[in-house]
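Undergrad: Predicted model and sequence below, questions to follow.
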Amino acid sequence: MITLAQKGQQLEDLKEEVRRELIVATSDPLKQLKFIHAIQRLGVAYHFKKDIEEALQDTYDGVNDIYHDLYDDALRFRLLRQQGFHISCDIFNKYKDENGSFIGSLLDDACGLLALYEAAHLRVWGEDILDEALAFTTTHLKSMVEHLGYPLTTQVTHALNCPLRKSLERLEARAFMSIYQDEASHSKSLLKLAKWWKDLDFSSKLPFARDRLVEGPN
């Protein structure tokens, strides 16, 4: 029978594996942002608070790095802004035409529209382009959701009902886990950690376990 201390050590080992993956991904900023996105969606970001802060600081310091599409820009914007970094919404101006409307080719990019939809929920007063972006993405995601394949149709439906900005972490983690495990590029260590954390549910079944997971004699 596996003791609580053994389970705790296995959990710590998994955390170290995920932390190493996060650090290795530094060489590919977009890959690292996607990994941070997955960590947060799976509800285990608490374990990597310092690592995520440092990674996003590096991303912010390289804010002039070229990102190639709407998804990349919207993901970077959302992760940085929700972390408290000052990032201008002007980065989305390049997705507008000479008449001030969002370019039509964006309608062929459902992933990008979804990322922009989530990013737009972090708007503040006076950011007209994000008000417009929210209206634009909501309208078109609603019209295309029935024509999308899995898992995108599930993600869009879920987001339209409950955007990340308004979601509860635990419920969001449960919903995202089934989607993430079907991604070919998913991290086995991260997925296993998320499943363990959900199954063990330390935060409710074992008071103070998040802070004192493995405790033994000095």
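TA: Noted; the coordinates are in hand.

Undergrad: wait, residue 110 sits on residue 152?
TA: Yes - with contact defined as CB atoms under 8 Å, residue 110 counts as touching residue 152 (5.8 Å). (Each C-beta comes from the backbone N, C-alpha and C, glycine too.)

Undergrad: can you pull out the helices in this structure?
TA: Assigned by DSSP state H, the helices in the chain fall at 4-24, 29-41, 49-61, 70-82, 110-120, 128-144, 152-161, 169-180, 188-200, 202-205.

Undergrad: Same list, those helices, but as a markdown table with mean neighbour count, mean pLDDT and distance to residue 90 please.
TA: A markdown table is the format used below for the helices of the chain (neighbours: other CB atoms under 10 Å; pLDDT from 0 to 100; distance: least, CB to CB, whole Å):
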| stretch | mean neighbour count | mean pLDDT | distance to residue 90 |
| --- | --- | --- | --- |
| helix 4-24 | 15 | 88 | 29 |
| helix 29-41 | 20 | 95 | 19 |
| helix 49-61 | 15 | 94 | 15 |
| helix 70-82 | 21 | 96 | 10 |
| helix 110-120 | 24 | 98 | 13 |
| helix 128-144 | 17 | 98 | 8 |
| helix 152-161 | 16 | 94 | 24 |
| helix 169-180 | 16 | 87 | 29 |
| helix 188-200 | 17 | 87 | 33 |
| helix 202-205 | 13 | 49 | 39 |
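
Undergrad: mind checking which of these is nearest residue 92?
TA: Residue 92 sits nearest to helix 128-144 of all the helices of the chain, at 5.5 Å, using CB to CB.

Undergrad: how far is the closest one from where the chain is centred?
TA: Centre-to-centre, helix 128-144 and its host chain are 20 Å apart (CA atoms, centre = their mean, to the nearest Å).

Undergrad: which strands and helices sit next to it?
TA: If contacts are counted by 3 or more CB pairs under 8 Å, 6 or more residues apart in numbering; DSSP states H and E, helix 128-144 sits against helix 110-120, helix 152-161.
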